[in-house]
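Q: structure, please.
(2 chains)
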Amino acid sequence: MHFLFLLIGLIDILIFVVYFIKGKSVGRNKIQRYFALAVMLLSIVLVFVVFSYYEKELHDEVSRLRDMTDSTNYRAERIDSILAQQKGRELLLDSLSKRNDELETILQNLQKHEKITGSKSGVVPQLQEYIKETKQEINKTKTYNEMLNPSEYWNAIKNGYTYSGNTTAFTFYPPYKTSENYIDFSIRFNNEEILEKIAVLFLEVYREDSDGKRYMVYSAFYRPQSGLNNFMIHNYLQQSNTTMMIGFFWKSELGKVETPSYEKYSYHF
Amino acid sequence: MVMLIDILYDFLTTHVRLTLLLFSWIGALIGHMLSIYDKDFKGIHFIMARLFPNKKEVFYDRMDFILLPLIGCVLAFILIEPSNFKTAFFSGLTWSGTLVALLKQKGGHND
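A: Residues are numbered from 1 along each chain as shown, chains lettered A, B, ... in the order given. Below is the predicted model:
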């Protein structure tokens, strides 16, 4: 389509140049006259054709966008459950990046087609909003702490660990929404110089029964990071008598002493 | 070739007003070209002959070719204010045709 348009355009320019040089005498030759007429009329028809093509392209891009956005719901439980696993996060990041690239491409195409056709698709503001949300999801997903292989660390605490009270080494930011199936929460170290001395972050959820016995419900190890440390877990805390502890072990103690000290913060609903 | 088309496409969609003027001018040129089928049509030769007397016929044809489409495209662009490439092209084409018709009425014939 574009090649044809370019070709006809070049022939038009050639005819204009010949006319400019020879003047009206170019019309005396029958072949030249009818060739010029045919090219001019073809140019007129081609403008219609190309314009219709871009109108169709605009319509197709809008349909493509609708197909993309109708099939995804970022707040679905399956996304939250993916975020709670390391491999899932990596796949999700990859998927979100591809989605973001596709949305940016659709936006660029839509803006160009709208300029050519002069018509508004009406979806550009909504599309810009989708792109903003996708970028926010990407940033949010990237900020979650990396989950580590527990087998590397369980051995170091197989004899147990000691703790007392809540640590002041970091500030705990509790989850905003406590009724959903998955909860987000964060911690920020008050002095980030201690990050070099931390071996691993440890999260444990336990339930205490009426006899005072504790049962571990969930546990995970995370790599500490500077700034906000973000976590997402299944909302075990909705169950009664369930408490979560988030904290860390020192490098100087983990794997070196029999029962390392666990600097932790306890939280429950 | 694909790169050239991409560059051209990017340019056309970035400088929209310039592109609309360009399409208007191309429409006016094509409209003017169609006037070569009327052997008696002399355009603004009568004005040019007074301003630049004793010139060759081809000189007046060239002045016609430059000025008439230019006037047509500027008038079309200002009066019609086309919003897309199609209306820009056809506004140039129709105004050029209107000017040609007006000049025929004004006695642009070679009497």
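
Q: quick check, A:Glu102 in a helix?
A: Yes - counting by DSSP: H, G, I helix; E, B strand; the rest coil, one finds A:Glu102 located in a helix.

Q: and it, how far from A:Met68?
A: 7 Å (C-beta to C-beta, to the nearest Å). The C-beta positions use only the backbone N, C-alpha and C, and glycine is treated the same way.

Q: neighbours of A:Trp250, how many?
A: Number of residues near A:Trp250 (other C-beta atoms under 10 Å in any protein chain shown) recorded here: 17.

Q: any idea what it is bridged to?
A: A:Ile198 (DSSP bridges).

Q: show me the contacts for it.
A: A:197-199, A:260-261, A:263 (C-beta atoms under 8 Å, 6 or more residues apart in numbering or on different chains).

Q: for A:Ser164, helix, strand, or coil?
A: Assignment for A:Ser164 (three-state DSSP): coil.

Q: please report phi then psi for it.
A: A:Ser164 adopts backbone torsions of phi -160, psi 120, taken as degrees, to the nearest 10.

Q: and it, how many neighbours does it have?
A: Other residues close to A:Ser164 by other C-beta under 10 Å number 9.

Q: please apply the same query to A:Met244.
A: Around A:Met244 there are 24 residues (other C-beta under 10 Å).

Q: quick check: it is in a strand.
A: Yes - per three-state DSSP, A:Met244 lies within a strand segment.

Q: which residues in the stretch 101-250 of chain A form helices?
A: Using DSSP state H, counting those that start in this stretch, the helices of the stretch 101-250 of chain A run over A:124-143, A:151-154.

Q: among those helices, which is nearest chain B?
A: helix A:124-143 (14.1 Å; C-beta to the nearest C-beta).

Q: so what does that closest one touch, helix or strand wise?
A: Other helices and strands packing on helix A:124-143, by 3 or more C-beta pairs under 8 Å, 6 or more residues apart in numbering or on different chains; DSSP states H and E, are helix A:86-117, strand A:228-234.

Q: which outside residues touch the shortest one?
A: Spelled out, it's strand A:228-234. A:80-81, A:83-84, A:140, A:143-145, A:170, A:173, A:181-189, A:201, A:203, A:205, A:218, A:220, A:222, A:244, A:246.

Q: mind doing that once more with 6 Å?
A: Outside strand A:228-234, the residues that touch it by C-beta atoms under 6 Å, 6 or more residues apart in numbering or on different chains are A:83-84, A:143-145, A:182, A:184-188.

Q: export these as a markdown table, with columns for neighbour count.
A: Putting the contacts of strand A:228-234 into a markdown table (neighbours: other C-beta atoms under 10 Å in any protein chain shown) gives the following:
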| residue | neighbour count |
| --- | --- |
| A:Leu83 | 21 |
| A:Ala84 | 18 |
| A:Thr143 | 13 |
| A:Tyr144 | 22 |
| A:Asn145 | 22 |
| A:Tyr182 | 17 |
| A:Asp184 | 18 |
| A:Phe185 | 19 |
| A:Ser186 | 19 |
| A:Ile187 | 22 |
| A:Arg188 | 14 |
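
Q: of all these, which comes closest to chain B?
A: Among the contacts of strand A:228-234, and counting by C-beta to the nearest C-beta, the member closest to chain B is A:Thr143, at 35.7 Å.
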